[in-house]
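K.L.:
pasting the sequence and the predicted coordinates here, then a few questions.
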Amino acid sequence: MSTALPRVTRSSSVPETSAPPTVVPSEEDVSSKRGDVILDVRNLCTYFYTYDGVVRALDGVSFKVRRGETVGMAGETGCGKSVTMFSALRLIPDPPGRTVSGKVLFQGANLLWGIESEAKMKPIGSTGRVKVTRRFRRIKAANDRMMAVRGHGISMIFQEPTS
């Protein structure tokens with residue numbers, strides 16, 4: 001079973017150039033008018049640890065959002081759209097999931113700072129299983145930092161109506 005990655009689509013509220021409608025401005029021209037990069041996701045990797053082994057839900061997801069852009073993710077069910085944003089906001093339940101590497105830069109600050117040091121993972125033989133040892137003080141400190149950002153600088157509209 002193959003899993004397709006989410007597709008990122010973009011639109012911008014940037015005013016059109018004075019060029020005739022038949023001329024499409026280059027991506028470079030448009031991006032320079034959009035402004036600063038406010039969200040930069042780099043090489044995001046999130047895994048889920050099950051009794052049957054490790055599920056690599058995200059393995060190297062990267063994208064940027066510039067000021068003034070509206071970005072939407074589209075893709076098949078189960079391709080990682082929700083896991084991408086849950087990972088960016090550090091909302092993946094641990095266990096069973098864990099964002100193991102990557103950077104999420106929001107206005108220049110790395111929201112996943114120290115993620116690699118919050119847990120140590122050791123393989124258990126050749127079974128594909130992994131033993132995870134969590135460092136709860138580091139996890140709590142990271143969660144405290146995220147509380148200052150979530151709902152103030154960045155937020156998520158959940159797709160489930162009851163959440």
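P.N.:
All right, it came through fine. Note that the structure is predicted; figures quoted are calculated from it, not measured.
K.L.:
now the helix or strand where residue 47 lies: buried residues?
P.N.:
Residue 47 belongs to strand 37-50 when elements are defined using DSSP states H and E. Going by neighbour count (16 or more other Cβ atoms under 10 Å), the buried part of strand 37-50 is 37, 38, 39, 40, 41, 42, 44, 45, 46, 47, 48, 49. Glycine gets a C-beta too; all of them are placed from N, C-alpha and C.
K.L.:
in this structure the last one contacts residue 93, no?
P.N.:
No. Here residue 49 does not reach residue 93: they are 11.4 Å apart, not a contact under Cβ atoms under 8 Å.
K.L.:
can you spell out which helices and strands pack onto the strand holding residue 47?
P.N.:
Counting contacts by 3 or more Cβ pairs under 8 Å, 6 or more residues apart in numbering; DSSP states H and E, strand 37-50 is packed against strand 53-66, helix 81-88, strand 97-106, strand 129-134.
K.L.:
quick one: which of the ones you listed is nearest residue 157?
P.N.:
In terms of Cβ to Cβ, the element of these nearest to residue 157 is helix 81-88, at 9.7 Å.
K.L.:
in the sheet, who's paired with residue 37?
P.N.:
Beta bridges link residue 37 to residue 66 when assigned by DSSP bridges.
K.L.:
any idea how far it is from residue 147?
P.N.:
According to Cβ to Cβ, to the nearest Å, residue 37 and residue 147 sit 24 Å apart.
K.L.:
got it, and residue 65?
P.N.:
Using Cβ to Cβ, residue 65 is found at 22 Å from residue 147.
K.L.:
looking at these two, which is more packed in?
P.N.:
residue 65 (17 against 11; other Cβ atoms under 10 Å).
K.L.:
nearest residue to that one in space, please, no chain neighbours.
P.N.:
residue 39 (4.1 Å; Cβ to Cβ, 6 or more residues apart in numbering).
K.L.:
how about the one you found, what does it touch?
P.N.:
64, 65, 88, 104, 105, 106, 154 (Cβ atoms under 8 Å, 6 or more residues apart in numbering).
K.L.:
residue ranges with poor pLDDT in the chain?
P.N.:
By pLDDT under 70, the low-scoring segments of the chain are 1-35, 113-143, 152, 155, 160-163.
K.L.:
run the last query once more with 90
P.N.:
Applying pLDDT under 90 to the chain flags residues 1-39, 49-56, 58-59, 65-82, 85-163.
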